[in-house]
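In: Requesting a structural model of the entry that follows:
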Amino acid sequence: MFTFQNRVDFLDYNSPRAQTEAKVNEFLDRKPKDKPFFLWANFNDPHHVWDSNAIPQPHDPARLRLPRYLPDLPGVRADLGRYMDEIGRLDGEVQSVLDIVARRGLRDNTIVVFMGDNGMAFPHGKGSLYDPGLNVPLLVRWPGKVKAGSTSRELISGEDIAPALLEAAGIAKPKEMSGQSFLKALRDERHESRQYIFGARLHHGNGPFTDSTKASTFDLSRCARSDRFKLIYNCTPQMEYQPVDSAGDPGWKEMLAAHKAGLLNPEIEQAYFGKRRVIELYDLEKDPSELNNVAGRQEYAAIERELKLALQEKMITDYDFLPPPVGLLE
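Out: Numbers count the residues shown, from 1 in each chain. Next comes the predicted model:
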């Protein structure tokens, strides 16, 4: 039986934050000398639940700029402040790992990749297929290969990480890998960019399917995103919306109270408490907050069909079990 323990040389399951530096040093002490290595260090921040006073000088909630998809409520501001505090604490922990690499003389010959696994656990974020849920940080440091301070708007999928690192190491990716290396983009060389990225929403957490009435636990949806447009395909639109992880926080509770009192603006009301449609389509250039669904409009008919076809091809490739989206009627 193949288990994760049998496929790696060093594995630490769940050391507390204070042990990060010690564990990284232990790994580097044990690795064979003059041999390449791959180290994957996981960090808990800023995973929910968010601590109070995570950093010495917490963010002032009153001074934060809220995204358009969140209502300006005290609880929302407080939640966002604590979330940003944990990001600040994470910055320090990541720096401690980079310092170890530098002290050991490995800085100039080590590729460092920093990325997240999901967006922030807020409404419209983690557990949804909107950009605040799908978009994660991706930073690459490779001295002499990647220009420091450069940025890119390339579409990158999580499945592209392994092919890129394999190519950087001079290893051909297995034919079974569906990801697309972005190594040439990192080097600012001529390359073929991704046309689409895809996302999927399934079952989250440990809640039983029989009790799953809210979209925070069980929600069958898929999406295809191009540089400008995103199509979301909801197969369980009857599910009542609830944010993943943060439904018990002050922000969501205040949003529920404002909804019941009829105090939310129409955009926010529709986004979280309106009837969901099977097909959603967003023009991200005009509507980066994804609040204005343009699916079904004649002027967007061609792009809607294009994204449906792209999503359907991906679903077939991945042996997805949902009905294909092409030809669906609203």
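
In: Spit out the contact partners of the closest residue to residue 50 other than its chain neighbours.
Out: Once flanking residues are discounted, residue 50 sits nearest to residue 82: 3.8 Å by Cβ to Cβ, 6 or more residues apart in numbering. (Each C-beta comes from the backbone N, C-alpha and C, glycine too.) Contacts for residue 82 (Cβ atoms under 8 Å, 6 or more residues apart in numbering) come out as 50-52, 54, 58.

In: Looks to me like residue 82 is in a helix.
Out: Yes. Counting by DSSP: H, G, I helix; E, B strand; the rest coil, one finds residue 82 located in a helix.

In: Pull up the gap between it and residue 47, please.
Out: Applying Cβ to Cβ, to the nearest Å, the value for residue 82 to residue 47 is 12 Å.

In: got it, and residue 229?
Out: Counting by Cβ to Cβ, the gap from residue 229 to residue 47 is 31 Å.

In: Count residues in the vicinity of residue 63, would you?
Out: 8 (other Cβ atoms under 10 Å).

In: How about the one 4 residues further on?
Out: Each residue near residue 67 was counted by other Cβ under 10 Å, and the total is 14.

In: hey, where'd the helices end up in this protein?
Out: Here the chain has its helices, by DSSP state H, at 20-30, 74-103, 131-134, 161-168, 183-186, 250-260, 266-273, 301-317.

In: Okay, residue 67 and residue 99: tell me how far apart.
Out: Per Cβ to Cβ, residue 67 is found 33 Å from residue 99.

In: Ignore what I typed, I meant residue 297.
Out: The gap separating residue 297 from residue 99 is 53 Å, by Cβ to Cβ.

In: Same question for residue 69.
Out: Separation of residue 69 from residue 99 (Cβ to Cβ): 37 Å.

In: which of the two has more neighbours?
Out: More crowded of residue 69 and residue 99, by other Cβ under 10 Å: residue 69, with 20 against 13.

In: Enumerate every residue touching the more buried one.
Out: By Cβ under 8 Å, 6+ apart, the contact set of residue 69 is 123-124, 130, 132, 267-268, 271, 289-291.

In: Apply 6 Å and report the result again.
Out: Contacts of residue 69 were listed using Cβ atoms under 6 Å, 6 or more residues apart in numbering, and they are 124, 289.

In: What separation do you get for it and residue 291?
Out: 6 Å.

In: With residue 176 instead?
Out: 39 Å.

In: Counting neighbours, go ahead and name the busier of these two.
Out: A side-by-side neighbour count of residue 176 and residue 291, using other Cβ under 10 Å, places residue 291 first with 16 against 5.
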